[in-house]
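> Predicted model and sequence below, questions to follow.
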Amino acid sequence: MFRVALTIAALAIPILLLFLLLELHSGARLAISRYGLGFVTGSTWDPVAEEFGAFPLIAGTLLSSFLALLIAVPLSLGVAIYITEFAPRVLRQPIAFLIELLAAIPSVVYGLWGIYVLIPILKKFVFPVLRSGLGFLPFFQGPIYGPSMLSASIILAIMIMPFIMSVAREVLIAVPGSQREAALALGATRWEAVMSAIIPYARSGILGAIILGLGRALGETMAVTMLIGNRNAISASLFAPGYTMAAVIANEFSEAATDLHFSALAYVAFLLFLVTVLVNALARLLIWRVARGSGGGKGL
Amino acid sequence: MAETVRLATARLTAMYGKFTAVKDVSITFQANTVNALIGPSGCGKSTFLRTLNRMHELSEEGWITGRVLLDGEDIYASRVSPMQLRRRIGMVFQKPTPFPTMSVYDNVAAGLRVNGRPGRSELDGVVEHSLKQAALWDEVKDRLRGSALALSGGQQQRLCIARTLAPRPEVILLDEPTASLDPGGTQRIEELVFALKREFTIVIVTHNLQQAARVSDTTSFFYMGTMVETGATRQLFTTPREARTEAYITGRFG
C-alpha cells in the first residue's frame, strides 16, 4: 500500500514533465504548422502582421547566459577556492553563507535594483570606460543605452554566482586532503597545489557547477526582462538592447490577442524547454562521468 | 660505510596549538641508512616525521620548537624556503596518492613540473630512471600514457615512490607506506626500500615490527610523544635498554 503510494508519487514528476511538454507542443501546434523550422531562423517578431521569428530571442538567451557565465565563473571559482583553501577558518562559513544568501533574493528585486542602482552606475562609469578602452572591438561600439544585453548579463552573473560558488565549494571540499598533501610534499606552493592537484581532481564537478549556473541563466526571466531592453534584434554591440525567450513570453503572454500570437509564444516556450533540458542532460552526463571516476571527485 | 649525519633533530617539540604531540626528541640519521620509527598509535611518530619536511606546520595550528638539521643546516631557518626544502626531503604517504587525472608519466613528472619547465628529453630520462628505481618500469613502460588509477594499489604506491624520487631528494620519508597493501605489495616495497638506501637516506614510520626489523638499520621507539629509545635495529630488538621498549616489542602493549 505504502509502496504503491510512493511509486505513484515518484512517477508523478516525470508524468507531469511529459504533460508539460505535450501541452506546450499542442499550444504551439498552430505556429509549428504555420512556420515550421523557419520560426527558429526567422528574425522578425511582429504580432500585428502575424509574422514570427524567434532567432534573435534564441540568440539573446544564449548570448546573455554565455556572457553571464563569462563574468560569473571566474568570480565564483575564485571565491570557492579562496573559501576552501586560503581564507582564515573563522571567515569561511560567514563568506559562504552571505554568498548563498544572494540566491534567496527574489528575481524581481534584482530587477529593481538593476534599474535603480546598477544601470545608472554602469551607464555613468563602466560603459564609457569600456567604450573608450575596448572600443576597437565591435562589442563595445555605438550608443550607450541603460537597458542592454550587457546590463542583463551582469545582473544574470550576479544571480547565478551563488549557485556556481556553492556547488564548486562542495566539490572542492570533497577533494581528499591527501591530494593537496601529495602536491605540497613535492614542493608545490599552496597555489600550485590548487592548480596542479585540487582543481584537476575536481574538474568534472566544477564543470557540473558551471552547467548548473548556465541552466539557471537560460531560464531566468524577471530580472532579465527588466534590464535587457526588450528589442527583438541582434546587435554586435553589447550596449544595445536585446531580448530573450523567457522575456518575450513574460512580456506578451497576457496580451496575446490572436491565437497565432499565443501559439507563437507557446512555440518559444517549447524551444526554451528543449534548450534547458538539453543543457541539464549535459550536466547529468558530466556527473555520471564523475561517478565513474574517470576524472576523480567521486564525492558528488 | 662512512659516517655522515644527513638529518638530525635537536630537542624537537611539535605542537598542535597547545597540545604537545612530540616532546623533546633528538635523533640523528646517518646518510644511506634506513631508519624505522615504531610505536603504538598516537605516539607521535607520524607527527615527528612530518616535522622533518615541514609538513607539520601546514596542519591546523601546527608549530615546533627545537631544530631540524639537514646536512648541518637548520631547515626552519627563516631563509629556507619550505617548498625548496620539500624537494630535498621527499615524502610518501600511507595511502597511495596518485593524481587521478594524470597519466603514469605525468604523475612521475609532476614534481619536476612544479617550478620550472624541464625539456622533453630530460623529462623522459628522469621518468624512466625514477620508474626503474621504484621497480615499476617493466610493469608500466607500455602504458605510460594510461591513467594512474588503472594500476593496482601496490603499483600505485610504487608510482608515488617514483614521483618522490624524480626531483632527486636526499632524504625520503615514508609514512606507513605498506599499511594499505597486501603482503605481495608490502614485500615489493620493502625490497625497494632496502635497495634505495644506496642513494637516499630513508626514514620510515611503521606499525609493523617485523617490517622495522627486516628493512631498517636503526630503530627509534616512540611512546606518548617522547622518543624512548633509539639504536641499531638488531640491538634494539634483541637487547633493549628500556623496559617500555621491551614490553612493546614483545607485544605486551600497543
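Received the coordinates, thanks. Numbering: from 1, shown residues only, chains lettered A, B, ... in the order given.
> make it CA atoms for all contacts and neighbour counts henceforth
Fine.
> Double-check that residue B:63 belongs to a strand.
Yes. Judged by DSSP: H, G, I helix; E, B strand; the rest coil, residue B:63 forms part of a strand.
> The helix or strand that residue B:46 is a member of close to chain A?
Under the criterion of DSSP states H and E, residue B:46 resides in helix B:45-51. No. Helix B:45-51 lies out of reach of chain A by Cα under 8 Å from any Cα of the partner chain, never closer than 9.9 Å.
> Quick check: the gap between residue A:38 and chain B.
Shown here: residue A:38 relative to chain B, a distance of 44 Å by Cα to the nearest Cα, to the nearest Å.
> That residue is in contact with residue A:55, isn't it?
No. Residue A:38 is beyond contact range of residue A:55, at 9.2 Å (criterion: Cα atoms under 8 Å).
> of the two, who's got more company?
Shown here are residue A:38 and residue A:55; by other Cα atoms under 10 Å in any protein chain shown, residue A:55 has more neighbours (22 against 14).
> Once you drop chain neighbours, what's closest to residue A:29?
In space, residue A:29 comes closest to residue A:263 once its chain neighbours are excluded; the distance is 6.9 Å by Cα to Cα, 6 or more residues apart in numbering or on different chains.
> Contact partners for the residue of chain A found nearest chain B?
Nearest residue of chain A to chain B (Cα to the nearest Cα) works out as residue A:187 at 4.3 Å. Neighbour list for residue A:187: B:82, B:83, B:84, B:85, B:86, B:87, B:111, B:114 [criterion: Cα atoms under 8 Å, 6 or more residues apart in numbering or on different chains].
> try 6 Å
B:83, B:84, B:86, B:87 (Cα atoms under 6 Å, 6 or more residues apart in numbering or on different chains).
> just checking: which of those also lie near chain A?
B:83, B:84, B:86, B:87 (Cα under 6 Å from any Cα of the partner chain).
> Out of those, who's the most crowded?
Neighbour counts for these (other Cα under 10 Å) peak at residue B:87, which has 26 neighbours.
> returning to what we had before: turn the contacts of residue A:187 into CSV, including secondary structure and pLDDT.
Output for the contacts of residue A:187, formatted as CSV (DSSP: H, G, I helix; E, B strand; the rest coil; pLDDT from 0 to 100):
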residue, secondary structure, pLDDT
B:83, helix, 94
B:84, helix, 93
B:86, helix, 95
B:87, helix, 93
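> Max pairwise distance over those: which two?
Greatest spacing in the contacts of residue A:187, by Cα to Cα: B:83 and B:87 (6.8 Å).
> ok, the residue nearest to residue A:29 - how many residues close by?
Neighbours around residue A:263, by other Cα under 10 Å: 22.
> Just the element for it, please.
helix A:259-291.
> Buried ones in that helix, by neighbour count?
A:260-273, A:275-276, A:279-280, A:283, A:286-287, A:289-291 (16 or more other Cα atoms under 10 Å in any protein chain shown).
> Find me whatever residue is spatially closest to residue B:90, sequence neighbours aside.
residue B:172 (4.8 Å).
> and the residue in the stretch 151-254 of chain B positioned nearest to chain A, helix, strand or coil?
The minimum distance from the stretch 151-254 of chain B to chain A, using Cα to the nearest Cα, falls at residue B:164 (6.8 Å). Following three-state DSSP, we place residue B:164 in the helix state.
> from memory it sits against residue B:88, does it?
No. Using Cα atoms under 6 Å, residue B:164 is not in contact with residue B:88; the gap is 9.9 Å.
> With neighbour numbers in mind, choose between those two.
Legend: neighbour count by other Cα under 10 Å for residue B:164 and residue B:88, higher for residue B:164 (32 against 21).
> List the contacts of the more buried one.
Contacts of residue B:164 by Cα under 6 Å, 6+ apart are residue B:90.
> same thing but 8 Å
Residue B:164 touches A:186, B:90, B:91, B:92, B:108, B:111, B:172, counting by Cα under 8 Å, 6+ apart.
> Pull the residues that contact stretch A:80-97.
Outside of stretch A:80-97, the residues within contact range by Cα under 8 Å, 6+ apart are A:165, A:166, A:168, A:169, A:172, A:173, A:194.
> Let's see which of those residues end up in strands.
Within these, no residue falls in strands by DSSP state E.
> would you list these in TSV and tack on pLDDT and distance to chain B?
TSV is the format used below for these (pLDDT from 0 to 100; distance: Cα to the nearest Cα, whole Å):
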residue	pLDDT	distance to chain B
A:165	95	22
A:166	93	23
A:168	94	18
A:169	94	19
A:172	94	15
A:173	93	16
A:194	95	12
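> now, the most widely separated pair of those residues?
Among the contacts of stretch A:80-97, A:166 and A:194 lie farthest apart (Cα to Cα), at 17.5 Å.
> Burial check on residue B:118, number of neighbours?
Neighbours around residue B:118, by other Cα under 10 Å: 13.
> How about it: what's its closest non-neighbour residue?
Distances taken as Cα to Cα, 6+ apart put residue B:112 closest to residue B:118, at 7.0 Å, once the chain neighbours are dropped.
> thought that neighbour was touching residue B:168?
No. Contact criterion Cα under 8 Å: residue B:112 and residue B:168 do not qualify, at 9.6 Å.
> I'd like to know the predicted local confidence at residue A:257, please.
Model confidence at residue A:257, expressed as pLDDT, equals 84.
> One more: residue A:215?
If you check residue A:215, the pLDDT there is 88.
> Likewise for residue B:2?
Residue B:2 carries a pLDDT value of 56.
> Give the residue spans of the stretch 101-250 of chain B that score low on pLDDT.
Residues of the stretch 101-250 of chain B that meet the criterion pLDDT under 70 lie in B:115.
> Could you work out the end-to-end span of stretch B:81-92 for me?
Terminal residues of stretch B:81-92 are spaced 20 Å apart (Cα to Cα, to the nearest Å).
> For the stretch 1-150 of chain B, what lies in contact range of chain A?
Within the stretch 1-150 of chain B, the positions adjacent to chain A are B:53, B:55, B:82-87, B:90-93, B:97-101, B:110-111, B:114-115 by Cα under 8 Å from any Cα.
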